[in-house]
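Below: sequence and its predicted model.
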Amino acid sequence: MFGRQTIEAMQPISGGVSGALILRFRVHGQPYVLRLEPERIALHDRRRHFECMASAAEAGAAPRVHFTDAAHGVAIMDCVVARPLAEYPGGQANLARELGTLVARVQSSKPFPAVGLYPQIIGTMLTTLNSSGLFAPHWLDPHADGLARIQIRLQWNSSSLVPAHNDPNPRNILFDGKRLWLIDWELAFQNDPLVDVAILSAELAESRALEDALLAAAFGKPANRETRARLAIIRLLTRLFYGCIVLETFMHAPRTAPDENPDEYTPQSFRAAIANGRLASGSQDVAYAFGKMSLTAFSNGIRSPGFDELLKTAEQA
């Protein structure tokens, strides 16, 4: 694609947990990103990933895609030189609104490949995790029961699904000084319209005011009580999803006994452990702790006093 133009030396870019090799390079001063997928990623997952990324780029949600080859796991995109999200003009309120606009761009993309309904996907992963021996027998039974209650009470309609990134955590959001972009589309597929909003609200729009700004920008109107309740339930589902998918990488690691302290971290204690250096950022310990924290956040949520009422309200959304 670059013809006889001179390509400057490539530099690795760190970050992400997919195992992909990501390199930055320049052609006549213009930065690009080369992504090389690991061989363990199945061809159908590469195709889905690259198809979603290209569709999102056309909608203006992802950096421009110049080339993809799913068979060889190769993609070349524009490189966004990122600045900290904390520098976004107008502070957290404006950032929440722009994040909502970004969600709207994603949802305006051509339909992504469908892989199933979110609760069913989570249920399959949870069953696998439960049988892995990573935790004591039956420790995950309440999680399975809570998931079943949500799945029965809330409607899940394939016709209402929209393009979703499914992992818009702060590490996958780039601010170029003017606007936001989403990267790393490995988990993208058709999903409930509130999933991306739920993930964003967990870290970047935690207050009621910021959540309302995020929702209004994403869907073009203020959220009602029922939508906010459904969002809270789906936020719990995203916790369970993250717990299962992160801990999947640890299921086959050598161990002498099940983890005897699965409830070690809450979201608050997890953040404190990173802040005080108990958990080294970017380490495997952090990933494992994040997985356990996510499972605990789900179980605490379904056991909270207001959960039944929340679920009742969410049914009406």
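Received the coordinates, thanks.

show me where pLDDT drops low in the stretch 1-150 of the chain?
1-9, 15-18 (pLDDT under 70).

what does the model give Asp176 for pLDDT?
Per-residue pLDDT puts Asp176 at 96.

Please report how far the residue lying closest to Tyr32 once chain neighbours are set aside lies from Leu154.
Setting aside the residues directly before and after it, Tyr32 is nearest to Cys79 in space (C-beta to C-beta, 6 or more residues apart in numbering), at 5.3 Å. In short, each C-beta sits where N, CA and C put it, glycine included. Distance, Cys79 to Leu154, using C-beta to C-beta, to the nearest Å: 40 Å.

Domain ranges for the chain, per the record?
What automatic domain parsing lists as the domains of the chain is 11-78, 85-314.

Tell me which residue is most central in the protein.
Nearest to the mean C-alpha position of the chain, counting by C-alpha atoms, centre = their mean, stands Asp167 at 1.3 Å.

That residue in helix, strand or coil?
coil (DSSP: H, G, I helix; E, B strand; the rest coil).

Surely it touches Ile183?
No: Asp167 lies out of contact with Ile183 (C-beta atoms under 8 Å); the separation is 10.0 Å.

all strands for the stretch 1-150 of the chain, in order.
Secondary structure of the stretch 1-150 of the chain by DSSP state E, counting those that start in this stretch: the strands cover 11-12, 21-27, 30-36, 65-69, 74-78.

hey, which of those strands is tucked in deepest?
Mean neighbours per residue, mean count of other C-beta atoms under 10 Å, is largest over these for strand 74-78, with a mean of 19.

Compute the inter-axis angle for it and strand 21-27.
Here strand 74-78 runs at an angle of 50 degrees relative to strand 21-27 (axes from the mean of the first three to the mean of the last three C-alpha atoms, to 10 degrees).

Run through who's touching strand 74-78.
For strand 74-78, the surrounding residues in contact (C-beta atoms under 8 Å, 6 or more residues apart in numbering) are 1, 31-37, 50, 53, 57, 62-69.

Go again with 7 Å.
Contact with strand 74-78 is made by 32-36, 50, 63-68, as judged by C-beta atoms under 7 Å, 6 or more residues apart in numbering.

Can I get these in a markdown table including distance to Asn224?
Formatted as a markdown table, those follow (distance: C-beta to C-beta, whole Å):
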| residue | distance to Asn224 |
| --- | --- |
| Tyr32 | 44 |
| Val33 | 40 |
| Leu34 | 45 |
| Arg35 | 40 |
| Leu36 | 46 |
| Phe50 | 37 |
| Pro63 | 35 |
| Arg64 | 37 |
| Val65 | 37 |
| His66 | 42 |
| Phe67 | 44 |
| Thr68 | 40 |
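
okay, among the residues you listed, which ones form the most distant pair?
Leu36 and Arg64 (18.7 Å; C-beta to C-beta).

which residues in the stretch 201-317 of the chain form helices?
Under the criterion DSSP state H, counting those that start in this stretch, the stretch 201-317 of the chain carries helices at the ranges 208-219, 225-247, 267-275, 284-303, 307-314.

Reformat the strands of the stretch 1-150 of the chain as CSV; add distance to Leu214.
Formatted as CSV, the strands of the stretch 1-150 of the chain follow (distance: least, C-beta to C-beta, whole Å):
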stretch, distance to Leu214
strand 11-12, 33
strand 21-27, 28
strand 30-36, 28
strand 65-69, 26
strand 74-78, 26
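
Minimum distance to Tyr88: which of those has it?
Smallest distance to Tyr88 across the strands of the stretch 1-150 of the chain (C-beta to C-beta): 20.1 Å, for strand 74-78.

out of the strands of the stretch 1-150 of the chain, nearest to Lys292?
With C-beta to C-beta as the measure, strand 21-27 is the member of the strands of the stretch 1-150 of the chain nearest Lys292 (27.3 Å).

For the closest one, name the packing helices and strands.
If contacts are counted by 3 or more C-beta pairs under 7 Å, 6 or more residues apart in numbering; DSSP states H and E, strand 21-27 sits against strand 11-12, strand 30-36.

run the last query once more with 6 Å
Here strand 21-27 touches strand 30-36, going by 3 or more C-beta pairs under 6 Å, 6 or more residues apart in numbering; DSSP states H and E.

Show me what the strand it packs on packs onto, helices and strands only.
Packing partners of strand 30-36 (3+ C-beta pairs under 6 Å, 6+ apart): strand 21-27, strand 74-78.

Now with 10 Å, please.
On a contact count with 3 or more C-beta pairs under 10 Å, 6 or more residues apart in numbering; DSSP states H and E, strand 30-36 meets strand 21-27, helix 43-58, strand 65-69, strand 74-78.
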